[in-house]
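Asks: Quick check, what structure comes out for this input:
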Amino acid sequence: MGKMAEVLRKAEKRCAEEEREMYSHIAVTSPPGEGGIRTGKHTLTVAEDRMMWRSYTPEKYPDAGLEENYCRNPDNDEKGPWCYTTDPTTRFDYCNIPECEVECMHCSGENYHGVISTTASGLECQRWDSQQPHSHGYLPENFPEKDLKMNYCRNPDGEPRPWCFTTNPNKRWEFCNIPRCSTSPPVPAPGRLCLSGRGEDYRGKISVTESGNTCQRWSAQSPHRHARTPENYPCKNLEENYCRNPDGEKMPWCYTTNVTARWEYCTIPSCDGKEPDSPAVDQPEQAQATEECYQGNGVSYRGTASFTITGKKCQAWNSMSPHRHNKTSEHFPNADLKQNYCRNPDADSRPWCYTTDPSVRWEYCNLKRCSDNVQITLPKPPQTTLEPNPDCIHSNGIDYRGTVARTARGRTCQEWSSQTPHKHDYFTPRTHPKSGLEKNYCRNPDGDVNGPWCYTTDPRKAWEYCDIPKCRNYSF
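Replies: Residues are numbered from 1 along each chain as shown. Predicted structure coming up:
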């Protein structure tokens, strides 16, 4: 029966009267017994020239991809793509196309479409279209191009490798153990030396941020430790200390060599010849060097500094332009929110202010910490109800009760009791009353090995880790 079917199949090809599927762009015939499926665009044959499609024509089969003389499979032949040849003695032959590797990943796995659905530790993945046990914003309808099918491991947000939410209520997510493909990754499009879109294909050599800070090398962990390394992002061209966009930010950026500025965006010339967009802001006056300093975390600072660490002018606390906020004298009567002076009304790690730049909501101020040999007793911030724990972590930070409320990438944390913009049923003050889930402070309610984290107020980023230093002189 099988032999007869093969005879009929060859007869069909000679008559060219059947209509089926297509695969690939390769135009290479193969030795006997070989076949397969692969996407490519070769137009040379192994042993003989190719003949253009005749009976199977693009007009008759518009969905079969019968352009030029590329290998195709319009009749769904089980041996794979084939073509007519230009050899009068051989009417058609199969093409030599290797099988695609599905259960492996190239680069950081952004294009992984396999069916692995367990994490590296063996936990079963939660379905992407489910909100149980973990509520999240990575729904298939929100990310149609990310192939968020079933509960398969995916990388929709620029992480180092595919991951998934887990079905374990106590473990929100984990990376998946996807092997790397043995074949070379797809050849990327030529990189640009100018800014187009988000600049994810920028491959220029600018290595200074928009405020003038020198970029830290991507392979270095000093002064800032991070996971955006060439090893974790092998296809993102993280060479030297050049500005890049490996994770889908709004433009190229880099970690800086300035210990007070973890990362900043870079100013890259636009490919259309226009100057990079720069919002209309008050031109900051020359930021005078100040001799003022602050004690502790600066909640008692009452000086007149009014410029940020990058030279931006501070917005007045009683102003709602360009940034609306609730840090006003009415809400914080003891914080001395006068004029546009740098202050620390919410017991952050140091004095800060909202800026007059519409594109930068807030920044820390250009102030130094006073010499530690000056002993001053700081008043406890009236709005802080937490114990006066230092803003550092022991071990994985599961007992951290500090007041940092911004992620390592500068995003503001969403309040744990809030369901906007990200819905979450499990990690709330009600479900974890002993985890310190007050306000929007960074916490580690699930004992994540990487430390405290929070949901963010950015609708495009459900959650991120926080950058909280390890405590010194800590011993068990």
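
Asks: which stretches of the stretch 201-350 of the chain form strands?
Replies: 253-255, 263-265, 293-294 (DSSP state E, counting those that start in this stretch).

Asks: Poorly predicted segments of the chain, please.
Replies: Across the chain, residues meeting the criterion (pLDDT under 70) sit at 1-55, 98-102, 186-189, 273-292, 371-390, 472-476.

Asks: Now do the helices in it.
Replies: Assigned by DSSP state H, the helices in the chain fall at 2-15.

Asks: Show me the domain layout of it.
Replies: Listed domain ranges for the chain are 1-100, 283-384, 387-476 (source: automatic domain parsing).

Asks: so who does Pro459 touch?
Replies: 137, 421-422 (Cβ atoms under 8 Å, 6 or more residues apart in numbering). Backbone N, C-alpha and C define where each C-beta goes, glycine included.

Asks: what about the nearest residue to Arg302 once chain neighbours are set aside, how many residues close to it?
Replies: Spatially, and ignoring its direct neighbours in sequence, Arg302 is nearest to Asp336 (5.5 Å; Cβ to Cβ, 6 or more residues apart in numbering). Asp336: 15 surrounding residues under other Cβ atoms under 10 Å.

Asks: Asp336 and Ser321, how far apart?
Replies: 22 Å (Cβ to Cβ, to the nearest Å).

Asks: on that earlier part again, Serialize the contacts of Pro459 to JSON lines and add fields for neighbour count and distance to Thr183.
Replies: Output for the contacts of Pro459, formatted as JSON lines (neighbours: other Cβ atoms under 10 Å; distance: Cβ to Cβ, whole Å):
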{"residue": "Gly137", "neighbour count": "18", "distance to Thr183": "34"}
{"residue": "Pro421", "neighbour count": "15", "distance to Thr183": "40"}
{"residue": "His422", "neighbour count": "19", "distance to Thr183": "38"}
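
Asks: May I see these arranged in JSON lines, with distance to Ile398 as well?
Replies: JSON lines is the format used below for those (distance: Cβ to Cβ, whole Å):
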{"residue": "Gly137", "distance to Ile398": "25"}
{"residue": "Pro421", "distance to Ile398": "26"}
{"residue": "His422", "distance to Ile398": "22"}
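
Asks: From those residues, pick the one nearest Asn151.
Replies: Taking Cβ to Cβ as the measure, Asn151 lies nearest Gly137 of those, at 16.5 Å.

Asks: Against Lys149, how distant is the closest one?
Replies: Taken as Cβ to Cβ, the span from Gly137 to Lys149 is 17 Å.

Asks: just Asn111 next, same as before
Replies: The gap separating Asn111 from Lys149 is 14 Å, by Cβ to Cβ.

Asks: now swap in Tyr455 and tell me
Replies: Taking Cβ to Cβ, one finds Tyr455 at 25 Å from Lys149.

Asks: Neighbour count for these two, which is higher?
Replies: A count of neighbours by other Cβ under 10 Å puts Tyr455 above the other of Tyr455 and Lys149, at 27 against 14.

Asks: so who does the more buried one touch?
Replies: Tyr455 neighbours (Cβ under 8 Å, 6+ apart): 413-414, 416, 422, 424, 462-463.

Asks: Turn the residues you listed into TSV, columns for distance to His106.
Replies: Shown next, in TSV, are these (distance: Cβ to Cβ, whole Å):
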residue	distance to His106
Cys413	34
Gln414	34
Trp416	37
His422	30
His424	32
Ala462	25
Trp463	26
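
Asks: Out of these, flag the one nearest to Gly191.
Replies: Ala462 (29.7 Å).

Asks: Can you name the residues bridging to Tyr354?
Replies: Trp362 (DSSP bridges).

Asks: neighbours of it, just the number please.
Replies: Tyr354 has 24 neighbours, counted by other Cβ under 10 Å.

Asks: separation between it and Cys365?
Replies: Tyr354 is 11 Å from Cys365, by Cβ to Cβ.

Asks: Got phi/psi on the residue of the chain most remote from its centre?
Replies: Distance from the centre of the chain peaks at Thr89, with 55.4 Å (Cα atoms, centre = their mean). Phi and psi for Thr89, reported as degrees, to the nearest 10, are phi -90, psi -10.

Asks: Spit out the contact partners of Gln315.
Replies: 321-323, 340, 353-356.

Asks: now the residues you listed in TSV, with distance to Gly402?
Replies: What follows is the contacts of Gln315, written out as TSV (distance: Cβ to Cβ, whole Å):
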residue	distance to Gly402
Ser321	31
Pro322	29
His323	24
Asn340	27
Cys353	21
Tyr354	22
Thr355	24
Thr356	29
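
Asks: which one of the residues you listed sits closest to Pro160?
Replies: Thr355 (31.7 Å).

Asks: What sits closest to the closest one if chain neighbours are left out?
Replies: Thr355's closest residue in space is Lys312 (Cβ to Cβ, 6+ apart), at 4.2 Å.

Asks: Isn't that neighbour up against Glu363?
Replies: Yes - contact status for Lys312 versus Glu363: in contact at 6.2 Å, counting by Cβ atoms under 8 Å.

Asks: Can you pull the residues that touch both of the two?
Replies: Thr355.

Asks: ends of stretch 335-347, how far apart?
Replies: 10 Å (Cα to Cα, to the nearest Å).

Asks: on that earlier part again, okay, the strands of the stretch 201-350 of the chain, which one's buried deepest?
Replies: Neighbour counts (mean count of other Cβ atoms under 10 Å) averaged over each of the strands of the stretch 201-350 of the chain peak at strand 253-255, with a mean of 24.
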